[in-house]
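Q: sequence and predicted structure are below.
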Amino acid sequence: TSVVHASGLTLRYGRTAALTDVSFTLYDGVTGLLGPNGAGKTTLLRIVATALPPDQGTLSVLGNDPRTPAGRLAVRRRLGYLPQDPGFHPGFTAFEFVDYVAILKELTDRRARHQEVSRVLDAVGLSGQRGRRIRALSGGMRQRVALAAALAGDPDLLVLDEPTVGLDPEQRLRFREVIAELGEGRSVLLSTHQTEEVMALCQRVVVLDGGTVRFEGTPADLAAHA
Ligand code: ADP
Ligand code: ADP
């Protein structure tokens with residue numbers, strides 16, 4: 001079954017063509033969106049997360065059409081998005097930040113939501129840090145707070161924008177372990193500019209360059225292709 005199906009996506013920022021006629025299909029498991037800086041990765045992930053409408057093309061996400069308000073709402077309830085800049089309020093504690101994102105996802109029952117916030121902080125190994133302020137946390141811990149926020153509500157699809165950028169090698173390895181675990185039982189789409197990361201983590205890969213899809217297949221096929 002396909003989790004995302006995109007056909008002919010095109011997006012321009014003024015005179016810059018960020019995406020041109022992008023088509024791909026995303027299946028279960030962990031998929032890497034690989035490409036250099038400026039390839040259009042963030043733009044494509046924002047479109048999938050329904051944060052940005054494409055100029056042209058059609059998209060189905062978890063069986064919904066994001067062109068309608070009901071379709072966008074259905075996607076947002078079942079999708080967790082880790083943006084490159086999560087918009088932290090540095091004065092919030094880890095718990096408060098994740099709770100705030102959970103409210104935005106319309107987890108309205110306070111008791112159930114607080115249980116969910118505890119669960120996701122535990123899932124990323126941050127139970128002990130829940131009361132610490134974001135500003136006092138290391139880069140790796142902040143990244144895990146943002147991941148916990150993306151996990152709130154147990155989404156079927158996780159969209160992660162360059163999740164290991166800015167982490168030191170040890171933090172990067174730990175973060176990868178967390179992502180590999182999360183990929184069990186749900187779909188993950190993560191962007192990266194590191195081929196090595198795709199080889200280590202992903203069952204499938206889509207290569208984007210200059211706003212165009214250059215390859216779609218398994219990491220093994222990509223290695224053979226290159
Ligand atoms: P990536 O995530 O692969 O680095 P982006 O999707 O961020 O790629 O950017 C794709 C292209 O669009 C780049 O040329 C970038 O400079 C341009 N771009 C991205 N965001 C904007 C924006 N808000 N306004 C103008 N140009 C943008
Ligand atoms: P809403 O709360 O109605 O979803 P938003 O401000 O969050 O409004 O969304 C703004 C725009 O996002 C909508 O006008 C809609 O056109 C658009 N949108 C987001 N993703 C897509 C998509 N994949 N296809 C078409 N429209 C989209």
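A: On my side now, so go ahead. Just so it is clear, the model here is predicted, and its values are computed rather than measured. Numbering: from 1, shown residues only. Ligands and ions are numbered 1, 2, ... in the order given.
Q: next SSE after the helix or strand of the chain with the lowest mean pLDDT?
A: The weakest-scoring helix or strand in the chain, judged by mean pLDDT, DSSP states H and E, is helix 169-182 (a mean of 85). If you walk from helix 169-182 toward the C-terminus, the next helix or strand you reach (DSSP states H and E) is strand 187-192.
Q: how far does that next one sit from the chain's center?
A: 6 Å (C-alpha atoms, centre = their mean, to the nearest Å).
Q: angle of it against helix 169-182?
A: 160 degrees (axes from the mean of the first three to the mean of the last three C-alpha atoms, to 10 degrees).
Q: partners of strand 187-192 in the sheet?
A: Applying DSSP bridges, strand 187-192 is found paired with strand 30-34 (parallel), strand 157-160 (parallel).
Q: and the shortest one, average pLDDT?
A: Right, strand 157-160. Computed over strand 157-160, the mean pLDDT rounds to 96.
Q: now swap in the longest one and tell me
A: The average pLDDT for strand 30-34 rounds to 97.
Q: pLDDT score assigned to T68?
A: Confidence for T68, expressed as pLDDT, is 96.
Q: I'd say D209 and P36 touch.
A: Yes. Using C-beta atoms under 8 Å, D209 makes contact with P36 at a distance of 6.6 Å. Every C-beta, even on glycine, is put in place using the N, C-alpha and C of the backbone.
Q: of these two, who's got more company?
A: D209 (15 against 10; other C-beta atoms under 10 Å).
Q: quick check: bridge partners of that one?
A: Applying DSSP bridges, one finds that D209 bridges with T212.
Q: so how far is L11 from it?
A: Using C-beta to C-beta, to the nearest Å, we find D209 at a distance of 16 Å from L11.
Q: repeat for A220
A: Per C-beta to C-beta, A220 is found 31 Å from L11.
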